[in-house]
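J.: Model the structure of this input:
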Amino acid sequence: MATFSQSLTIGAHCLNFGAIESSKLSVVTRYLCRSEMGQSLQRIDIGRKLFPGEVIKNAMLSPHRSPDLRCFAASRVSVEQTEQSFTTSTQVDELQKLSTYLFRTEIGGQVKVFVRKKSVKYVVDIEVSSLQVSSDDSLLVLSGGVYRSDRDVKNWIIETPFIAKSSKELALELQFEAKEAPFYFSFLLKASSGANSTGLEIRSHRKTSFCIPIGFDQGYPAPLGLSFSTDGSMNFAVYSRNAESLVLCLYDDTASEKPALELDLDPYVNRTGNIWHASIEGAWTFVSYGYHCKGDREAFHAECVLLDPYAKIIGSSIPNHHESGLLLKRLGQLCREPVFDWSGDTSPNLPMEKLVVYRLNVMRFTEHKSSKLPADVAGTFSGVAEKVQHLKDLGINAVLLEPIFTFDEQKGPYFPCHFFSPTNLYGPSNGSVSAINSIKEMVKNLHANGIEVFLEVVFTHTAEGGALQGLDDLSYYYRNRNKDLVARNALNCNYPIVQQMILDSLRHWVTEFHIDGFCFVNSSCLLRGYYGEPLSRPPLVEAIAFDPLLSMTKIIADCWDPHDMMPKEIRFPHWKKWAEMNIKFCSDIRNFLRGGGALSSLATRLCGSGDIFSYGRGPAFSFNFIARNFGLPLVDLVSFSNAELASEISWNCGEEGPTSNTAVLERRLKQIRNFLFILFVSLGVPVLNMGDECGQSSGGSLSYGSRKLLDWDAMETGFGIQTTQFISFLSSLRMRRSDLLQKGNFLKEINIEWHGSNHSPPGWEDPSCKFLAMTLKADKAERQLSSEASQLKGDLFIAINAADKAENIILPPPPGGMEWRRLVDTALPYPGFFAVYGKAVREQMTGLVAHEMKCHSCALFEACSDGS
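T.: You can find the predicted model right below:
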């Protein structure tokens, strides 16, 4: 930041004044003196307009000036700002606000500066008291100039003497044109005597010039980001511990590459702790803003304009040139968030065990022309709202949106640039305000239809050129501490300021957008400490679990790493609040259905994964999935299994890739039904992936970018129709039999009975055994409460055969007065492979019900009242 040098002389070291023409700038100098009798302030106008290159000198010694300046031991005072009303009888209508700055000098004494706006001028009153100088005939002169940033080159300087107010006080008044603000007025004091014309230069106790803002205020360190006061002024606050200086860049044109105004923030006036702040009036015509950070050249790019990490509204990206390459520059918009009518909105607030989740990408969900949506709606938040009936038909009551923060468009949504605003890409007009309104309308619409809204969030890293890079890398990132994490732009999530930013972001999405829950991608990285070391009690994870607002939402840990494209199995600290994406469920079910794995692993997943979710949680904390938006989609899991896909635990059912072999196609169809069946009858929360209901394929590619737009015409194919109907049936079944399939607690042993084939015990120790059946027994006490036969809830019998051969099963006797009905047999052709009301099973002999299960199939039977 530009300041006066130690050897400042008239005209030799001139300070620059911003992007304004020097010919337009003027100052009127006035002297204030106090009469000995009345103690009232009198204004003596002996000044004139000051033009560039001119200097005002006045060596007259005022008759009111006392030669005796007493010594004064200054207390610790440094740049304190106060505000009060200035209410003299003649100026009450003109004066709006008074800002006071108090300094102490390097030789003792105080300098007090009053800044106020009067009509179209800024009035600056400077008072010096108890200044200790060596000579009795010293003349005190103010020597100063104005500037905005050290980029400006304008010659402009002031030198003018003080007038005595009393034996201890000197005073001076300056006036500046309000239209030329904002800028800084920086000055020092010169004490000269007749014997020494050069004189003593007096600075602040920090050995720097006295510096005060004109046309803007010191501002406040909280809240971070852009905020608006009741008087319309705008406050800017940003954290940067290691920046040596910070420049506020203001733009009056959204398409401009260069700011209309650059304002250096003074480290003594505009910094509190590690937070830089300033406040300007709301009457300016600036439309957007950003920051330059200056410091160590390895850590800061002074030429790069940075986005405010807390900006709520972000403009479109424009080129941002600096020596490390061309990056996109995003700027915060100088406007309030749009007002939205939330009246009538109520979150469904569903218990976790009741959830059926559908994961989707906002753009890919409706951008395909087959969605038959208008061009400005397709691929937006509004497009999701338009397809709410499809979600309801599937039985969905919660959507999980892939990351919607502003992100790197080359790498995809899992590489965010910002954390407080939705990407403009998902707005109807690709505008920030339209995107904000669009997502709020979507949330309100989904809530009205009983559907909760969850967000996938990525707080563990940013894209290259994200909002935090260059602002203070040593604080926000793992710079110089962990090489692997540095290469990934990994955020130091448990560092206090980063933790605060993440919590503020989450609260913002809950309060402003009514979001119901969050799924934290790459959550294993939330467990790292300052140097990347593992933590047993990570502060951020614990803070979210106990936050009064966030703990009431659904919080889900997902240990998938977007860099490795692989999930990680870890023990996640949960404090009985955190749910998890169950990676073991996915891998164990995939492995079993392709003929591997143990019966015990299958049984554990069916019963809610007690090995993970015991000790204070329950099966409702297990978010189960078979396929997701990375790796192979559901249809590809049964179509591709080459060596490169070994990590996917897939099986091609006999032939690799597309085929016309009828036997292979039938086997693949059964496997897809089997996956969906196990997903919905297992305890926990089923998570479907967009496109799996209609056979969306990536062609065997694991790349996220290979995922296609959702083809809505595929919903009308034979596969699409039967699969969507089957999912709808399974969702209804979970709801109807919530007593057994939607439990918040684990089933008791008396409510489960395990079976092998031919009524034999399961082959737990036999690795070749691929058949398992179980009876889920309805609670007898609950059954007795139902008086009507149609409301009686019987047992469920579930059988899974992953072997290459058929198995004969003998069902256990049903409860008294009931009979077994077959609800599902995935080996049967459509439409007979599932039945809403079930199909009666014929007894082979009295009290004996047998059923032949084909290879690679699943079956479900329900005990129902006779004749129901």
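J.: Show residues contacting the helix or strand harbouring Met581.
T.: Per DSSP states H and E, Met581 falls inside strand 579-582. The contact list for strand 579-582, computed with C-beta atoms under 8 Å, 6 or more residues apart in numbering, reads 352, 519, 554-560, 567, 572, 574, 605, 609, 612-613, 617, 620-625, 684-685, 687. (Each C-beta comes from the backbone N, C-alpha and C, glycine too.)
J.: can you rerun that using 6 Å?
T.: Strand 579-582 is contacted from outside by Ile556, Ala557, Asp558, Phe572, Ser609, Phe621, Ser622, Phe623, Asn624, using C-beta atoms under 6 Å, 6 or more residues apart in numbering.
J.: Repeat that for stretch 262-279.
T.: Everything outside stretch 262-279 that qualifies as a contact, by C-beta under 6 Å, 6+ apart, is 1, 79, 148-149, 151, 211, 216-221, 233, 235-239, 241, 246-249.
J.: where's it relative to the chain centroid, distance-wise?
T.: Stretch 262-279 sits 25 Å away from the centroid of its parent chain (C-alpha atoms, centre = their mean, to the nearest Å).
J.: Then stretch 633-650?
T.: Distance, centroid of stretch 633-650 to centroid of chain: 33 Å (C-alpha atoms, centre = their mean).
J.: Any idea how far apart the tips of that stretch sit?
T.: 10 Å (C-alpha to C-alpha, to the nearest Å).
J.: what is the rounded mean pLDDT of that stretch?
T.: For stretch 633-650, mean pLDDT is 95.
J.: send the alpha carbons of the helix or strand where Glu441 lies over as PDB?
T.: Element membership for Glu441, per DSSP H and E: helix 432-448. Coordinates of the C-alpha atoms in helix 432-448 are reproduced here as PDB (Å, rounded to 0.1, in the frame of the first residue of the first chain):
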ATOM      1  CA  SER A 432     -27.000 -15.900 -10.700                       C
ATOM      2  CA  VAL A 433     -30.300 -14.400  -9.500                       C
ATOM      3  CA  SER A 434     -32.400 -16.600 -11.800                       C
ATOM      4  CA  ALA A 435     -30.500 -19.600 -10.500                       C
ATOM      5  CA  ILE A 436     -31.100 -18.600  -6.900                       C
ATOM      6  CA  ASN A 437     -34.800 -18.100  -7.500                       C
ATOM      7  CA  SER A 438     -35.000 -21.300  -9.500                       C
ATOM      8  CA  ILE A 439     -33.600 -23.600  -6.800                       C
ATOM      9  CA  LYS A 440     -35.800 -22.000  -4.200                       C
ATOM     10  CA  GLU A 441     -38.900 -22.600  -6.400                       C
ATOM     11  CA  MET A 442     -37.700 -26.200  -6.900                       C
ATOM     12  CA  VAL A 443     -37.300 -26.800  -3.200                       C
ATOM     13  CA  LYS A 444     -40.700 -25.300  -2.400                       C
ATOM     14  CA  ASN A 445     -42.300 -27.400  -5.100                       C
ATOM     15  CA  LEU A 446     -40.700 -30.700  -4.000                       C
ATOM     16  CA  HIS A 447     -41.600 -30.000  -0.400                       C
ATOM     17  CA  ALA A 448     -45.200 -29.500  -1.400                       C
END
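J.: ok, and what's touching it?
T.: 313-314, 338, 340, 345, 347, 380-382, 384-385, 422, 424, 426-428, 453, 514.
J.: any idea of the angle the next helix or strand after it forms with helix 432-448?
T.: Next along the chain after helix 432-448, taking DSSP H and E as the criterion, comes strand 452-457. Strand 452-457 runs at 140 degrees relative to helix 432-448, counting by axes from the mean of the first three to the mean of the last three C-alpha atoms, to 10 degrees.
J.: Report all helices and strands that strand 452-457 contacts.
T.: Packing contacts for strand 452-457, counted by 3 or more C-beta pairs under 6 Å, 6 or more residues apart in numbering; DSSP states H and E, involve strand 398-401, strand 517-521.
J.: Spatially, what comes nearest to Tyr358 if we skip its sequence neighbours?
T.: Distances taken as C-beta to C-beta, 6 or more residues apart in numbering put Ile396 closest to Tyr358, at 4.4 Å, once the chain neighbours are dropped.
J.: ok but that neighbour is inside a helix, no?
T.: No. Under DSSP: H, G, I helix; E, B strand; the rest coil, Ile396 falls outside any helix and is assigned coil.
J.: Could you check how many residues crowd around it?
T.: Ile396 is flanked by 25 other residues according to other C-beta atoms under 10 Å.
J.: Verify the contact between it and Leu355 for me.
T.: No. Contact criterion C-beta atoms under 6 Å: Ile396 and Leu355 do not qualify, at 9.2 Å.
J.: Just the element for Gln500, please.
T.: Gln500 is part of helix 496-513 when elements are defined by DSSP H and E.
J.: Report the inter-axis angle for that helix versus strand 452-457.
T.: Going by the same axes, to 10 degrees, helix 496-513 makes 150 degrees with strand 452-457.
J.: quick one: helix 496-513 to chain centroid distance?
T.: Worked out by C-alpha atoms, centre = their mean, helix 496-513 lies 7 Å from the chain centre.
J.: which outside residues touch that helix?
T.: Applying C-beta under 6 Å, 6+ apart, the contact partners of helix 496-513 are Tyr239, Phe419, Phe420, Phe459, Ser475, Tyr476, Leu491, Asn492, Ile515, Leu540, Leu549, Leu550.
J.: just stretch 356-374 next, same as before
T.: 378-379, 383-384, 386, 395-400, 402, 426, 686-690, 709-713, 731.
J.: cool, stretch 747-764 as well?
T.: With C-beta under 6 Å, 6+ apart, stretch 747-764 has contacts from Leu599, Ser600, Cys769, Phe771, Leu772, Ala773, Met774, Thr775, Lys777, Glu807, Asn808, Ile810.
J.: Can you mark which positions in that stretch are buried?
T.: Buried residues in stretch 747-764, counted by 16 or more other C-beta atoms under 10 Å: Leu747, Asn751, Ile752, His755, Gly756, Ser757, Pro762, Gly763.
J.: Could you find the lowest-pLDDT member of the residues you listed?
T.: Ser757 (83).
J.: what's the distance between that residue and Ala827?
T.: From Ser757 over to Ala827 the distance is 15 Å, taken as C-beta to C-beta, to the nearest Å.
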